[in-house]
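>>> Pasting a predicted model and its sequence here:
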Amino acid sequence: EDGSIDPASRLGAGLKSFQLVAPQVQPERHGPNAYIELPIRSKGGAAFSLRCHLSEMPDGTWRFDRVTNVKELLAIESEEERLRKEALMKETDRQLKQLEVVARLHTGVTTSWSRRNRFQVRIRNTSERELAGFRARVRNVRIGFDEGVKSSTQIRPSELSTSMWEFPVTDLAPESVRMFATGDSDDFALEIEALSFSDGTSIERIVP
């Protein structure tokens, strides 16, 4: 609107590149309309040409008024972002597997006062750093049981450690009753969601 373009923007960078070759470029003319191609890079670094429309003014000058293929650029960048996130998720999942589940056991525990689902998991730190804690979910998809758990246990590299969690059994949560009925079983998974290390770094699962 005001005739200025931020030189730090991609459009500004494209115009700067275009100015270097402008004398050799023949615009695509259609009467009072013309098109030029501005070379830019997508956010992911791919080469792209902005197709820019110009209108001839009564005084013979040309007015740059719009870019005609923005949707195509956005589609390319959307796919780049999808692939970036997919790669990041795979790498995050690989790193989370540095906490390896070696053995697991569910036990339905009965006392004179209550019933509880007890989960014991033996894990190994296969990373090269000392683990300071982790966050996970105890899940049995078939039964519908799903509970979040945390641990602040420090585990040195290659060290084994055993964690235990208990959850109440109540008729208000039918899945807890179904889980209790499985008795002694390894029919559940410990899905690691985040790791924290003693050096202050951490890894967290990326939600799609």
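Done, it's in. Everything numeric in this text was worked out from a predicted model, so none of it was measured.
>>> Report the rounded mean pLDDT for stretch 189-208.
Stretch 189-208 shows a mean pLDDT of 90.
>>> Averaged over its residues, which helix or strand of the protein has the lowest pLDDT?
Least confident helix or strand of the chain, by mean pLDDT, DSSP states H and E, is helix 10-21 with a mean of 66.
>>> Now find how far off-centre the following helix or strand past it is within its chain.
Once the chain leaves helix 10-21, the next helix or strand it forms, by DSSP states H and E, is strand 28-30. Relative to the centre of its chain, strand 28-30 is centred 44 Å away, using C-alpha atoms, centre = their mean, to the nearest Å.
>>> ditto for stretch 40-49
That offset, for stretch 40-49, works out to 22 Å (C-alpha atoms, centre = their mean).
>>> And that stretch, end to end?
Taking C-alpha to C-alpha, to the nearest Å, stretch 40-49 runs 6 Å from one end to the other.
>>> Next, work out how far apart Leu15 and Ser9 are.
From Leu15 over to Ser9 the distance is 9 Å, taken as C-beta to C-beta, to the nearest Å. To be clear about C-beta, it is placed using only N, CA and C from the backbone, and glycine gets the same treatment.
>>> pLDDT below threshold where in this structure?
1-5, 7, 14, 16-25, 208 (pLDDT under 70).
>>> could you pull out the strands for it?
Assigned by DSSP state E, the chain shows strands spanning 28-30, 33-41, 47-56, 62-67, 99-110, 115-125, 131-140, 145-151, 160-168, 189-197, 202-204.
>>> List the strands paired with the fourth one, with their directions.
When pairs are called by DSSP bridges, strand 62-67 turns out to pair with strand 47-56 (antiparallel).
>>> quick revisit: please identify which of Leu15 and Ser9 sits among more neighbours.
Leu15 (19 against 11; other C-beta atoms under 10 Å).
>>> I'd say the more buried one and Pro39 touch.
No - the pair Leu15 / Pro39 is not scored as a contact, 10.0 Å apart, by C-beta atoms under 8 Å.
>>> Next, the angle strand 33-41 makes with the longest helix seen in the chain.
Ordering each helix of the chain by length in residues (DSSP state H) puts helix 70-96 first. If you take axes from the mean of the first three to the mean of the last three C-alpha atoms, to 10 degrees, helix 70-96 sits at 10 degrees to strand 33-41.
>>> And the strands of the chain: which comes nearest Thr182?
strand 99-110 (6.2 Å; C-beta to C-beta).
>>> helices and strands around the closest one, which ones?
Judged by 3 or more C-beta pairs under 8 Å, 6 or more residues apart in numbering; DSSP states H and E, the packing partners of strand 99-110 are strand 115-125, helix 174-180, strand 189-197.
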